[in-house]
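Student: I'd like to go over a predicted model; first the sequence, then the structure.
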Amino acid sequence: MSASKAPASSSAWQEPVIEVRGMLSQFGERVIHQNLDLTVNRGEIVGVVGGSGTGKTVLLNSIIGLKEPEDGSVKLFGQDRSTMTKAEAVAVEQRTGILFQRGALFSSLNVMENVSAPLLEHTRLSRNVIRELTEMKVAMVGLKPEALYLKPSELSGGMIKRVGLARALALDPELLFLDEPTAGLDPIGAAAFDQLILELSRDLGLTVFMITHDLDSLYTICDQVAVLADKHVIAKAPVAELEKSDHPWIKEYFLGPRGRAAKQSAN
Ligand SMILES: Nc1ncnc2c1ncn2[C@@H]1O[C@H](COP(=O)(O)OP(=O)(O)OP(=O)(O)O)[C@@H](O)[C@H]1O
């Protein structure tokens, strides 16, 4: 009998990869998150949405360890961030890939050097093996070998995202964080990038946490959508369920003209 992969969201064997509990995030007196809970299970592609300034990036930064929450806990792969040793934090870092919004490439390095940077930093592989792995990752994200010798200033916006993704995948992560991956891309480029994320995540068995404003991405590739409002995650569910929500922001977001258009083009 051939096995078929059940959708991540309906699996009876859900294993949490990210667990945020009771998070409080503050800058001075200003509270950004209060009592925020979020679980992302293995294999899920979770889109994180919310109005501007609701704290999506602060949440991402708190999960990846760039900001320490004022209260609450963040567990990655079952380990609590606050009690990890330095070696454990490095091990978690190696199981995690991050694509920042503008690619965060080193402008003075070419594509080969940018993509191989994590391999040089975290492995003892020979230069030849690193070169081969880098070429493989660059091909994996749909770039031609000629791109290897270009500098970021010579790349289009879509290519920069692909190079950033290749670098995020350099260490074969299990968990991928994407900060507005389709922002700044034209609709065709954005749809192609969505497909790339979907294919890679399914082929590599990745868990994906993706901040996005792109309704098309939510409809086409996300298993679950987490909605940030009122300082916490007010819902995490498949888009089809969120469409039935009574929350005013969710209603306006998914059932407004842009939401309806995205739904129609996904069907
Ligand atoms: N380092 C910081 N110091 C002070 N305030 C900050 C800092 N970083 C973020 N904030 C504030 O935290 C709030 C949430 O910011 P964040 O960037 O997480 O929002 P966002 O949901 O990602 O917004 P957008 O969709 O516009 O990118 C904002 O009001 C922002 O001004």
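Tutor: Yep, it's here.

Student: where does V138 land in three-state SS?
Tutor: When classified by DSSP: H, G, I helix; E, B strand; the rest coil, V138 comes out as helix.

Student: next, the contact list for it, please.
Tutor: Counting by Cβ atoms under 8 Å, 6 or more residues apart in numbering, V138 touches V111, M112, V115, P145, A147, L148, V163, A166. C-beta here means a position set from N, CA and C on the backbone, and glycine is covered the same way.

Student: mark which of these are buried, thanks.
Tutor: Taking 16 or more other Cβ atoms under 10 Å as the criterion, what is buried in these is V111, M112, V115, A147, L148, V163, A166.

Student: now the residues you listed as TSV including pLDDT, distance to G78 and secondary structure?
Tutor: Shown next, in TSV, are the buried ones among the contacts of V138 (pLDDT from 0 to 100; distance: Cβ to Cβ, whole Å; DSSP: H, G, I helix; E, B strand; the rest coil):
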residue	pLDDT	distance to G78	secondary structure
V111	95	35	helix
M112	95	35	helix
V115	95	29	helix
A147	92	38	helix
L148	94	37	helix
V163	94	32	helix
A166	93	28	helix
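
Student: dump these to a markdown table, plus distance to T54.
Tutor: Shown next, in a markdown table, are these (distance: Cβ to Cβ, whole Å):
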| residue | distance to T54 |
| --- | --- |
| V111 | 34 |
| M112 | 38 |
| V115 | 33 |
| A147 | 36 |
| L148 | 39 |
| V163 | 29 |
| A166 | 30 |
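
Student: which one of those sits closest to the ligand?
Tutor: Nearest to the ligand among the buried ones among the contacts of V138: V163, at 22.1 Å, using Cβ to the nearest ligand atom.

Student: which one of the buried ones among the contacts of V138 is nearest V40?
Tutor: Of all these, A166 has the smallest distance to V40: 22.9 Å, by Cβ to Cβ.

Student: give the contact list for the closest one.
Tutor: Shown in contact with A166 (Cβ under 8 Å, 6+ apart): V111, V115, T134, K137, V138, M140, V141, L143.

Student: tally up the residues packed near the last one, please.
Tutor: Put plainly, it is L143. 21 (other Cβ atoms under 10 Å).

Student: let's number from 27 now, not from 1
Tutor: New numbering, starting at 27: the last item is L169.

Student: residues contacting the nearest residue to it once chain neighbours are set aside?
Tutor: Spatial nearest neighbour of L169, excluding adjacent residues (Cβ to Cβ, 6 or more residues apart in numbering): R188 at 5.4 Å. Applying Cβ under 8 Å, 6+ apart to R188 gives the contacts V167, G168, L169, F219, L222.
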